[in-house]
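K.L.:
Give the three-dimensional model of this entry:
(2 chains)
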Amino acid sequence: MIRRTFLSLGLALAAAATSAIAQDGPIVVGEINHFKRMAAFAEPYRKGYEMAIEEVNAAGGADGRQIEVIFRDDQGEPGEAIRIAEELMTREGAVMLTGSILSNVGLALSSLAAQKEWVYLASEPLADALVWENGNDWTFRLRASTYMQAAMLAEEAAKTDALRYATIAPNYAYGKDAVAAFKEALTALKPEVEFVAEQWPQLFQIDAGAEVQALERAKPDAIYNVTFGPDLAKFVRQGTDRGLFDGRAVFGLLSGEPEYLEPLADEAPEGWVVTGYPWYAFEDGPNADFVAAYTERFGESPKNGSLVGYMTGLSVAAALDIAGSTDKQAIRAAFEGLQVEGPVGPITYRQIDNQSTMGAFVGTTALEDGGGVMVDWTYRDGADYLPADDAVRARQGQ
Amino acid sequence: MGFFLAQILTGLANAGALFMVASGLSLIFGVTRIVNFAHGSFYMLGAYIGYTLMQVLPGAVGFWGAMLLAGVAVGVIGAFVEMVILRRVYAAPELFQLVATFGVILIVQDLALMIWGPEDLLGPRAPGLRGVVRIMGEPVPKYDLVLIGVTPLVALGLWALITKTRFGILVRAATQDREMVAALGVNQRWLFTGTFGLGCALAGLGGALQLPQGGADLLMDFTILTSVFVVVVIGGMGSLPGAYLAAVLISVLGVFGVAYLPQSTLALTFVVMVAVLMWRPFGLLGREEVAGEAGQVGPPEDPIRPAGWSVRAGVALALLALGALPLYGSDFALVLATDILIFCLFAASLHFLLGQAGLVSFGHAAFYGGGAYAAALLVRHAGAPMELALLLAPLIAGLLALAIGWVSLRATGVYFAMLTLAFAQLLWSLVWQWAEFTGGSDGMVGIWPADWAGGNAAFFWLAFVLCVAGILVLRHAAHAPLGYALRAARDNPARAAASGLAVARLQWVAFAFAGAMAGLAGGLFVFAKGSVFPNELEIARSFDALIVVFLGGVKTLSGGWVGGAVFEAGTDWLTRFEYWRLALGLTVLFIVTLAPQGIVGAARRLWQRGRS
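P.N.:
Next up, the predicted model:
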């Protein structure tokens, strides 16, 4: 009994000590990502995030306190991410979690967040399930989801004469969601379209020549592409060589993001309608300011991940500022309906599903100075591409 | 007809790089018996080095020269790796070298990231070979035709090298009987170095050759690995014509799969592999492994004996201290300890299979992930409580192991290993594909423990009791008649059979038992994490377990869990650093060269030396 009292006394002292430190020191936020496994995407994201936090701290921090972000690598494994989350929250004194690119890690963290009642801002994962089928009160998502971006492309597709569509998407949840959302949105806008072929290459193991042959055989009017990374490069190369894209409209999800477009260099496809991030084309305004500041700070041009990372930092700071304490309920409440002003304009974390209304840029690809760029682009507000509230509730299982 | 022909041409073109990489792996295995997990890394290096050289060297001569030079450079790197690392571990237990190759994978990944940066590199086009030619109206890229032509030339060159030169004669002799070659006075060291270098050069050439079709990226080392293993196994380990045949078969089938069964590409190659191995257990053109090759290298094993009282008392005290962790440890310490315990049970189950039964499984994740999915599916679809799910997880995993073992155990040695790998991959693609039932790649989330076990401390105790009990049961089985019979069957199957032991059935039982224990670990994992994803069925998971078993020491009783604990704790610590893969890889290589008997084996040797 004595021992027990002693122990609990010690624990109480320790707790008092840590909370005392916490009051004076910075507010700690835990960021979990696949910095090694997805280095091409995670590094620009990290830089954008750091830049936002530096700016916020220079301007006095959130609620008068500095913010410190601890970055941790999870090797791209959901199980590791869960353990790191525990460490960040219980040992490092983090008040909330952010991060992940891979949807499975995002879903694992969101499940943990709901169980432990920790706030988790899923910055980059795209899965619709994160806010709908598996959504919960404690998980918020920043980036425009698969559904939203697919709906933007479907809107453009409906404006063309194409009626026969073929799709190609990596064979996993993201690819399937992306095709399903595009079909749903396009069929709603233009019921007479038909889908004549669906190709499902294995992620990062595309047999591009065979896929192109199979698509060609279906003689579609238009092609909807969801492949990305090395798969996209191989697909574009084989498709261009074999004339697959000649005289066909092509719609490419994320294909305009610098992460995917830049490696293609002078072989970037021309005339594709894509979602992406045309950082090179901003002339003035907040977008241009962000690009200039980022380029000056890091000596390299921003990627889409940089923008997402920057918005993550701003969102975290805004929520902590409004919460006015490091209480988890207070932070959660602050995120509900939170408005953040960023380079792309104001965004709102929706009450109904915790999805932010951050949109995406839609444009047409072209070649300029030996590299692929987006032209005739516009920024689409994400709020316009989300399903009606009752459809959202239906997908949330209510 | 034109379409059909175009498809076959695409398949033949795809077979090119695949054949180069696979023939290298096959050659290395045939002579040195090293299962080179790092073969994909050499392929990746070939692509990156080839890319860099093509930027520097001008014109068509430069382009093709860069390809050859990339192959040579990777060959030199491979020979260096063989001389500096692998040479030191030939005396270690069979397949121990794969741990060293695992270290090489990690190091190459970080070095490639440092040197070439994170962004994908688009491969340069072959000069003058952009565009297509029309064959029967179908467009066929010019470079495809080059690939179709070059591959048989390389194959022919290899064939000439193997059949017409002295080096080739030695290689063939070594493939058939290593000891005999050594006994005839051939310097094995240089033969091994040469073969390893040649194999790596082929991988590098394959990597450079595919540049005009794709490029270089940091994930290509693992993405090619499975297809290469499949090709080598279907063709027959050590057989070059077999590798060519299998590369063509797999590639052409793949192309038709894409056209007619677009959803099936995940599983198709593995179905073919299982079918071929059931029909021809040593691959299409492979030979039966020569008896004696699979025997034990290194000093003979001491007979095992139960631990003495002092050791038992020490272990009991340590367990007591560990069990009391919730009284003095932080929340995170509990979570980390739970993870380590679960991983230890998983590793111990594979260790039992390897150490006691001598069965090297490359697909043990099938049972770990199988148990995890069994538990998760029971909760999700049958509304089972945690207790029932944890009870059924090992049973279902055990049944799964019975089924897989029934087929796999027809083969032996490395073919058995590859069959288990194939089944694990099949299970993985089933889970991946059947999204309505298993959640696909989005997995299943929100599967948390019952209320009484919900806290970190309570769940730690649950995991502690189950994992320690599991490991003790595994250990006890080694001391039971089952263990003795298994070791007899491992060391000399013929004698064991003559003594009246049903060798096949014994191994089957051991396989199912180890599978069930892995399933228990998997079940615990689900509730510890609250979710399950196909990652738990991946090849990487099987490899993790294999590596820790070898790191811990195969020929010891506690190698499994000791290796598991060291590896899991070490990884958790190292991932805090920027270049943690480099650090982990170097650590692995350090342990491998310093302690080829594994951690426990080395510790025991030190202890014995100290006593005498």
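
K.L.:
so where is chain B shaky, pLDDT-wise?
P.N.:
Counting by pLDDT under 70, chain B has low-confidence residues at B:289-300.

K.L.:
Mind splitting it into its structural domains?
P.N.:
Following automatic domain parsing, one finds the domains of chain B at B:2-258, B:329-611.

K.L.:
Count residues in the vicinity of B:Leu319, would you?
P.N.:
13 (other Cβ atoms under 10 Å in any protein chain shown). (Each C-beta comes from the backbone N, C-alpha and C, glycine too.)

K.L.:
likewise B:Gly157?
P.N.:
10.

K.L.:
Secondary structure element for it, which one?
P.N.:
Assessed by DSSP states H and E, B:Gly157 sits inside helix B:142-164.

K.L.:
buried residues in that helix?
P.N.:
Neighbour-count burial for helix B:142-164 flags B:142-148, B:150-151, B:154-155, B:158, B:162 (criterion: 16 or more other Cβ atoms under 10 Å in any protein chain shown).

K.L.:
same check, this time on stretch B:553-570
P.N.:
B:553-568, B:570.

K.L.:
and if you look at stretch B:63-71?
P.N.:
B:63-64, B:66-67, B:69-71.

K.L.:
in the stretch 51-200 of chain A, which spans are strands?
P.N.:
A:67-73, A:94-99, A:120-122, A:139-141, A:164-168, A:194-199 (DSSP state E, counting those that start in this stretch).

K.L.:
of all the ones you listed, which lies closest to B:Phe543?
P.N.:
Judged by Cβ to Cβ, the one of these that comes nearest to B:Phe543 is strand A:67-73, at 19.2 Å.

K.L.:
so how far is stretch A:239-246 off the chain centroid?
P.N.:
Centroid separation for stretch A:239-246 versus its chain: 30 Å, with Cα atoms, centre = their mean, to the nearest Å.

K.L.:
hang on, the earlier thing: return only those of the buried residues of stretch B:63-71 found close to chain A.
P.N.:
Residues of these in contact with chain A (Cβ under 8 Å from any Cβ of the partner chain): none.

K.L.:
Nearest to chain A among those?
P.N.:
Using Cβ to the nearest Cβ, the shortest approach to chain A within the buried residues of stretch B:63-71 belongs to B:Phe63, at 16.3 Å.

K.L.:
For chain A, what's the nearest residue on the stretch 101-250 of chain B?
P.N.:
Counting by Cβ to the nearest Cβ, the stretch 101-250 of chain B gets nearest chain A through B:Pro118, at 3.4 Å.

K.L.:
Identify the residue nearest the geometric centre of the chain.
P.N.:
Chain wasn't specified; assuming chain A. The C-alpha lying nearest the average C-alpha coordinate of chain A belongs to A:Glu124 (Cα atoms, centre = their mean; 2.7 Å).

K.L.:
Can you look at chain B instead?
P.N.:
Nearest to chain B centroid, counting by Cα atoms, centre = their mean: B:Phe543, 4.6 Å.

K.L.:
rewinding a little: among the strands of the stretch 51-200 of chain A, which is nearest A:Gly382?
P.N.:
strand A:139-141 (10.6 Å).

K.L.:
what packs against the closest one?
P.N.:
helix A:103-116, strand A:120-122 (3 or more Cβ pairs under 8 Å, 6 or more residues apart in numbering or on different chains; DSSP states H and E).

K.L.:
Who does the shortest one pair with, and is each partner parallel or antiparallel?
P.N.:
Same thing as strand A:120-122. According to DSSP bridges, strand A:120-122 has the following sheet partners: strand A:94-99 (parallel), strand A:139-141 (parallel).

K.L.:
got a list of contacts for it?
P.N.:
For strand A:120-122, contacts defined as Cβ atoms under 8 Å, 6 or more residues apart in numbering or on different chains pick out A:96-100, A:106, A:109-110, A:112-113, A:130, A:138-142, A:312, A:315-316, A:335.

K.L.:
Those residues, buried ones only, as a PyMOL selection?
P.N.:
Buried subset of the contacts of strand A:120-122, written as a PyMOL selection, criterion 16+ other Cβ under 10 Å:
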select buried, chain A and resi 96+97+98+99+100+106+109+110+112+113+130+138+139+140+141+142+312+315+316+335
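
K.L.:
Close to chain B: what parts of the stretch 51-200 of chain A are there?
P.N.:
A:72-75, A:77-80, A:82-83, A:86-87, A:90-91, A:103-104, A:107-108, A:110-112, A:114-115, A:127, A:129, A:134, A:171-174, A:176, A:198-200.

K.L.:
what do you get if the cut-off is 6 Å, keeping everything else the same?
P.N.:
Taking Cβ under 6 Å from any Cβ of the partner chain as the criterion, the neighbours of chain B within the stretch 51-200 of chain A are A:73, A:77-79, A:82-83, A:86-87, A:90-91, A:104, A:107-108, A:111-112, A:115, A:129, A:134, A:172-173, A:199-200.
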